[in-house]
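[1] Sequence and computational prediction follow.
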Amino acid sequence: MIEFRAVTKRFEDGTIAVDELDLTVEAGTITVFVGPSGCGKTTSLRMVNRMIDPTSGTILVDGKDVLTVDPPTLRRGIGYVIQQAGLFPHRTVLDNVATVPLLSGWDKRKARTRAAELLERVGLDPAFGKRYPAQLSGGQQQRVGVARALAADPPVLLMDEPFSAVDPVVREDLQNELLRLQAELDKTIVFVTHDIDEALKLGERVAVFQTGGHLAQYAKPTELLAAPANDFVASFVGRDRGYRTLTFLHADVPVHPVTTAKLGERITVSDWTLVVDDENRPKGWLSGVDGEIEVAEKDLISGGSLYDGSTLRGALDAALSSPSALGVVIDDVGAVTGVVRADDVIKALAKARAAGEVPK
Amino acid sequence: MTWIFENWERFWEVTEVHLRLSVVPVLIGFVLSIPLGWFASRSATARAVLFPLANVLFTIPSIALIVITPVLIGVKILDEINVIVPLTIYTVALMVRSVADALSAVPGHVTAAANAMGFRPLRRFLVVDFPLALPVTIAGLRVATVSNISMVSVGALVGLGGYGQLFTEGYQTDNSAKVFAGLIGTVVLAALADGLLLLVGRVLTPWARAGR
């Protein structure tokens, strides 16, 4: 558990980065600090491991005032993941991960064995251990950064915009990986980001910081979307917040059958037809041809996003982004099971609302 | 060339002196420039004092410095110290800037990560900052070494200094073969030292060539 008690940070030039922050990060949760640049979210994070010391107020980690612990000792007990990973370019991946155990006086062999375990844990082949960071992709480097932060098994993990420098696809992988890891490890994680979508996806609790270092709202993601505390939070959460609320709803949407065809098949196209490969995975849509034709790659219209049955947001987006207005539904192995329609999603939403599932 | 083979013993003797008089100042100067360079990389005030001072020292003609050194430190004019001290000063003047630049070029997110991992300052310097500064530092060291090997010859004017003696003797006795032998010695020595440092640098920094 991390407690901020009336914490203020005023920099030498007089700017107030954090203003009287009172906030408790519960043990075993992911808490996200989110806000625009200059709102004090990163400063607040860095005060936890004394990269920055507060001007006034107290920060307690598991009941202990951090200002009473000497910084290097404190930091070895708190995992830290930095933007761009911050790996040591001159040390192998394995030695990077073993950094904190070695600093804490473990013998070299034990530290390396532990590091190899952690590489596997974050989804990297232990063979990567011998490489240098420059030989890894951005996403892989960031995984190594997470492994390094976890190496000494600290109860608290601080993550300072860790995924902001990677492309959106890799970012989503890393976010899912973090959620999976957290389900296994149950750490107390403080995660800083300026991306509200990332905050809503990862955070069990989200602290929205406002310019000037004020905490505007500290709540669960659903509450934040349903009841923003003030205009700032409402605008920061964005005008898509009704749409974002769908992320937190898991309701049944009827799945309709769809006509499918394979490449090379001779068919008569009457309506939208979904072309699939031999494993029944979607390849694209076919439409606007008269009479019998042979299905060819060049006639395909590429499809929209795929719905894997997770959230209503995914279902609606699949329907809206599909050229046929039919959202393709896939199963665990990526095979087509049918299609969903946008109006069905809206009906499911209305039903969920009536059942009181959407927070007012 | 034939002079070298006919006077092999003499040639080897001046080579030894030349090597000693150029390498010892490089070593001392390198060691001295590490803390100074570190200081300059950390403090703007230190930079404002050290960099101009280094420039001024470097512009003093070597002959003047070699002649004036015995007066300043009170040793006999034929002592090797008289060459070692000025060349050490030149090495420091060159290397302070190299070391400072090399340390400043260590990426901020890497040092921030090192601090956040719980490194104490000295260990961080030895394990993170200095190894990462090696490629630029060694490049500076190569320049300093080659320039020292060339400058040692000036010591001959005060009766010291390896190949320089071949120059003065050759000039006085109108023996161009002797001058030429000194010239070859200097160039070969400089090339060998430069190559050796290049190799040492490659061995010490395998990561610098890790595929990008």
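    Looks like it arrived, so ask away.

[2] and the nearest residue to A:D197 once chain neighbours are set aside, what element?
    Take A:D197 and drop its neighbours on the chain: the residue closest to it by C-beta to C-beta, 6 or more residues apart in numbering or on different chains is A:R244, 7.4 Å away. Any C-beta I mention is one placed from the backbone N, CA and C, and that applies to glycine too. Secondary structure assigned from DSSP states H and E places A:R244 in helix A:241-245.

[3] cool, and A:G338?
    Counting by DSSP H and E, A:G338 is part of strand A:336-341.

[4] Would you mind listing what in chain B touches chain A?
    B:109-110, B:112-120, B:123, B:128, B:131-132, B:205-208, B:210-212 (C-beta under 8 Å from any C-beta of the partner chain).

[5] Restricted to helices, list these.
    Judged by DSSP state H, the subset of the residues of chain B next to chain A located in helices is B:H109, B:V110, B:A112, B:A113, B:A114, B:N115, B:A116, B:M117, B:R123, B:P131, B:L132.

[6] Show me which of those are buried.
    B:H109, B:V110, B:A112, B:A113, B:A114, B:N115, B:A116, B:M117, B:P131, B:L132 (16 or more other C-beta atoms under 10 Å in any protein chain shown).

[7] TSV for those, including pLDDT?
    TSV is the format used below for those (pLDDT from 0 to 100):
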residue	pLDDT
B:H109	89
B:V110	93
B:A112	91
B:A113	93
B:A114	94
B:N115	94
B:A116	94
B:M117	94
B:P131	95
B:L132	95
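
[8] Quick one: the helices in the stretch 251-360 of chain A, in order.
    A:312-321, A:342-354 (DSSP state H, counting those that start in this stretch).

[9] Between those, which has the poorest mean confidence score?
    The stretch with the lowest mean pLDDT among the helices of the stretch 251-360 of chain A is helix A:342-354, at a mean of 83.

[10] what distance separates that helix from the centre of its chain?
    Taking C-alpha atoms, centre = their mean, to the nearest Å, one finds the center of helix A:342-354 at 26 Å from the center of the full chain.

[11] and it, what does it pack onto?
    helix A:312-321 (3 or more C-beta pairs under 8 Å, 6 or more residues apart in numbering or on different chains; DSSP states H and E).

[12] just to revisit the earlier point, and the strand holding A:G338, what's buried?
    Neighbour counts over strand A:336-341 (16+ other C-beta under 10 Å) mark A:V336, A:G338, A:V339, A:V340, A:R341 as buried.

[13] Closest to B:L183 out of those residues?
    Set against B:L183, the nearest of the buried residues of strand A:336-341 by C-beta to C-beta is A:V336 (81.2 Å).

[14] rewinding a little: from the helices of the stretch 251-360 of chain A, which stretch is densest packed?
    Ranked by mean neighbour count, the helices of the stretch 251-360 of chain A are led by helix A:312-321 with a mean of 21 (mean count of other C-beta atoms under 10 Å in any protein chain shown).

[15] Point me to the residue of the stretch 251-360 of chain A nearest chain B.
    Nearest residue of the stretch 251-360 of chain A to chain B (C-beta to the nearest C-beta) works out as A:G334 at 32.7 Å.

[16] before we move on, the earlier item: quick check: the residue nearest to A:D197 vs chain B, distance?
    With distances taken as C-beta to the nearest C-beta, to the nearest Å, A:R244 is found 31 Å from chain B.

[17] That residue touches A:P228, doesn't it?
    No - A:R244 lies out of contact with A:P228 (C-beta atoms under 8 Å); the separation is 11.7 Å.

[18] Let me see the contact set for A:R281.
    A:R281 is in contact with A:I330, A:G334, A:A335, A:V336, counting by C-beta atoms under 8 Å, 6 or more residues apart in numbering or on different chains.

[19] What separation is there between the first one and A:E177?
    Distance of A:I330 to A:E177, computed by C-beta to C-beta, to the nearest Å: 21 Å.

[20] rewinding a little: got a list of what the residue nearest to A:D197 touches?
    Going by C-beta under 8 Å, 6+ apart, A:R244 touches A:D197, A:L200, A:L225, A:V237, A:G238, A:R313.

[21] out of the residues you listed, who's nearest chain B?
    Nearest to chain B among the contacts of A:R244, with distances taken as C-beta to the nearest C-beta, is A:D197, at 24.1 Å.

[22] Who does A:S56 form a beta bridge with?
    A:T8 (DSSP bridges).

[23] Give the phi and psi angles for A:D252, as a check.
    When read as degrees, to the nearest 10, the backbone of A:D252 gives phi -80, psi 130.

[24] I'd say it and A:A348 touch.
    Yes - counting by C-beta under 8 Å, A:A348 is a contact partner of A:D252 at 6.7 Å.

[25] element containing B:A100, please.
    With DSSP H and E as criterion, B:A100 is part of helix B:81-104.

[26] Got phi/psi on A:D195?
    phi -100, psi 110.

[27] Burial check on it, number of neighbours?
    15 (other C-beta atoms under 10 Å in any protein chain shown).

[28] for A:T260, same thing?
    When neighbours are counted by other C-beta under 10 Å, A:T260 registers 17.

[29] partner residues bridging it?
    So, taking DSSP bridges as the rule, A:T260 has A:L274 as bridge partners.

[30] tell me which parts of the stretch 1-150 of chain A are close to chain B?
    A:49, A:51, A:71-76, A:80, A:82-91, A:99-100, A:103-104, A:131-132, A:134-135, A:148.

[31] mind giving me the domain split of chain A?
    A:2-248, A:260-354 (automatic domain parsing).

[32] would you list the contacts of A:R281 in a markdown table and tack on pLDDT?
    A markdown table is the format used below for the contacts of A:R281 (pLDDT from 0 to 100):
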| residue | pLDDT |
| --- | --- |
| A:I330 | 89 |
| A:G334 | 85 |
| A:A335 | 88 |
| A:V336 | 88 |
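
[33] Taking the residues you listed together, which two end up most distant?
    A:G334 and A:V336 (8.5 Å).

[34] okay, now A:E204: neighbour count?
    Count around A:E204 with other C-beta under 10 Å applied: 14.

[35] got a list of what it touches?
    Under the criterion of C-beta under 8 Å, 6+ apart, the neighbours of A:E204 are A:E26, A:T29, A:I30, A:T31, A:K220.

[36] Can you name the residues that contact the residue in the stretch 101-250 of chain A positioned nearest to chain B?
    Closest residue of the stretch 101-250 of chain A to chain B, C-beta to the nearest C-beta: A:Y132 (3.7 Å). The contact partners of A:Y132, by C-beta under 8 Å, 6+ apart, come to A:P89, A:H90, A:R91, A:T92, A:V93, B:P206, B:W207, B:A210.
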